[in-house]
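# Can you look at this prediction? I've put the sequence above it.
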Amino acid sequence: MSTLKNNKTQKWFYPLLAFMHDSRSIGIILLACTALSLIISNIPAIGEAYTHLWHYHFNGNEAHSFNVIGLHLPNSPLVIINDFLMAFFFFLAGMEIKREVVQGELNTIKKALLPSLGAVGGMLVPAILFIQFNRDSPFMSGWAIPTATDIAFSLGIASLLGNKVSVNLKIFLTALAIIDDLGAIIVIALFYGEKLHFVYLLGCAIVIVLLWWLQKMHKKFGWMQIILSVLLWYFMFNSGIHATVAGVIFAFFIPLKDIVNFEVKLHLPVYFIIIPIFALANTAIVLPQNFAEALDTSLSWGIIAGLVIGKPLGICGMAYLMVKRGWAVLPAKVNWHHMIGAGMLAGIGFTMSIFIATLAFKSENEQDIAKISVLIATIIAMTLGYFWLKINSKPVIIKKAK
């Protein structure tokens, strides 16, 4: 009997485990969560209660934080998700950046030059396009929304193409997206904070010094570092700099030998719990009746043009300039058709773009328009990138050793 039960458990468990470790699954889950959230939000009977759930304020007012036994903590489920849970996502991104810089595809200037400057071009051109659409408009604070790339989503779509996308192109896209993430983190820290509170900033500085000292003394990673990471998040949350930056800072104090272990442990909870919850909460949008008219704004066009046109134009333009001048060479088995396709996939902003949209605007209406525009741009970029690479790539044949 127990053998039969074990067989039934394995029948369901192993396919689920295989799905969760498939790079394509993250994109599928994000799309499913987004569609589900939009559908529920627009069902007349329950839509209002559903959207209100995420924005419910624990102490009855709309302040970002509320006082609990002298501690200033997040004041709504949405703030908990965007400021606390997303710190784990940024922690994971920070470790990936550190690993690639120390021993990966970004550990030498020669390796890092093409994806680094490609990422810079892929951030500058979308920002410039957005600014051109929104010059002298009240939407200028959203200039950074189209500058981001969703690394998991873009690589997930590339994985759907199987051996039509070479390993070298995937490595380039990964390095590009990692640098793009770093750029987005810097932008959030510099431009999307609130009024600075220097007492809390001093607390951040003290914690960082303590983390540095523990690292310098080669102290084994343990509870001391974890307690300090919680303190760093708390001080950052109240400092006026966005709390998720604490995740990135803490990541750089993780010993290199422990990074792989942390990445393995955090991959499933971050990508299959935190990011889906983030998608559900941040796409709980009531679509206006005059949907087309509401989206026909300079804000929407700036975001869509920035992600769909600006991303491939900036990435490929900068890469072409570098190759033409002899500063860099294209990766092996990668041509300009492949680079254009990678640039299109980099236009999938999703997680980071939606995240920046929540910081750029105080008005819920403006946030919703920006989020819907990001979703539209993501679908367009995803479709164009997929079919462009499918048409312009030949299968990579792997020869077996004799």
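Happy to help now that I have it.
# tell me the phi and psi of Ala158?
Torsion angles at Ala158 (phi, psi; degrees, to the nearest 10) stand at phi -60, psi -40.
# so it sits right up against Leu173, yeah?
Yes. Here Ala158 lies in contact with Leu173, judged by C-beta atoms under 8 Å, at a distance of 6.2 Å. C-betas here are computed from N, CA, C, even on glycine.
# So what sits opposite Pro74 in the bridge?
Ser65 (DSSP bridges).
# Ala177 versus that one, what's the distance?
28 Å (C-beta to C-beta, to the nearest Å).
# Dead centre of this protein: give me the residue that sits there.
Taking C-alpha atoms, centre = their mean as the criterion, Met352 is the residue nearest the geometric centre of the chain, at 3.7 Å.
# okay, Pro74 and Ala177: which has more neighbours?
Just comparing Pro74 and Ala177: by other C-beta atoms under 10 Å the higher neighbour count belongs to Ala177, 28 against 19.
# Please give me every residue in contact with that one.
Ala119, Thr149, Asp150, Ile151, Ser154, Leu155, Ala346 (C-beta atoms under 8 Å, 6 or more residues apart in numbering).
# and with 7 Å instead?
With contact set as C-beta atoms under 7 Å, 6 or more residues apart in numbering, Ala177 has these partners: Thr149, Ile151, Ser154, Ala346.
# where does the chain have its least confident helix or strand?
Taking mean pLDDT, DSSP states H and E as the measure, the chain has helix 2-20 as its least confident helix or strand, at a mean of 54.
# I'd like the distance between the closest residue to Gly314 other than its chain neighbours and Gly118.
Using C-beta to C-beta, 6 or more residues apart in numbering and skipping the chain neighbours, the partner closest in space to Gly314 is Val125 (3.1 Å). Counting by C-beta to C-beta, the gap between Val125 and Gly118 amounts to 11 Å.
# neighbour-wise, which of these two wins?
Ranked by neighbour count (other C-beta under 10 Å), Val125 and Gly118 place Gly118 first, with 29 against 23.
# doesn't Leu173 make contact with the more buried one?
No. If you go by C-beta atoms under 7 Å, Gly118 and Leu173 don't touch, sitting 9.8 Å apart.
# List the contacts of stretch 212-219.
For stretch 212-219, contacts defined as C-beta under 7 Å, 6+ apart pick out Met224, Gln225, Phe253.
# How about the contacts made by Val93?
For residue 93 the amino acid is Ala, not Val. Ala93 touches Asp181, Val248, counting by C-beta under 7 Å, 6+ apart.
# Can you give me the distance of it to Thr34?
Counting by C-beta to C-beta, the separation of Ala93 from Thr34 is 20 Å.
# Repeat that for Leu375.
Taking C-beta to C-beta, one finds Leu375 at 7 Å from Thr34.
# do the same with Ile369
Per C-beta to C-beta, Ile369 is found 16 Å from Thr34.
# in the stretch 301-402 of the chain, which ranges drop under the pLDDT threshold?
394-402 (pLDDT under 70).
# And the helices in it?
For the stretch 301-402 of the chain, the helices defined by DSSP state H, counting those that start in this stretch cover 311-324, 336-345, 350-360, 364-392.
# Next, count neighbours for Arg135.
11.
# same check, this time on Pro312
By the criterion of other C-beta under 10 Å, Pro312 has 26 neighbours.
# one step back: which residues are in contact with both of Ala158 and Leu173?
Contact criterion C-beta under 7 Å, 6+ apart; residues bridging Ala158 and Leu173 by contacting each: Leu345.
# Tell me which of the two has more neighbours.
Between Ala158 and Leu173, counted using other C-beta under 10 Å, the more crowded position is Leu173 (28 against 24).
# check contacts around that one.
Neighbour list for Leu173: Ser154, Leu155, Ala158, Ala342, Leu345 [criterion: C-beta under 7 Å, 6+ apart].
# give me that answer again for 6 Å
Listed by C-beta atoms under 6 Å, 6 or more residues apart in numbering, the contact partners of Leu173 are Ala342.
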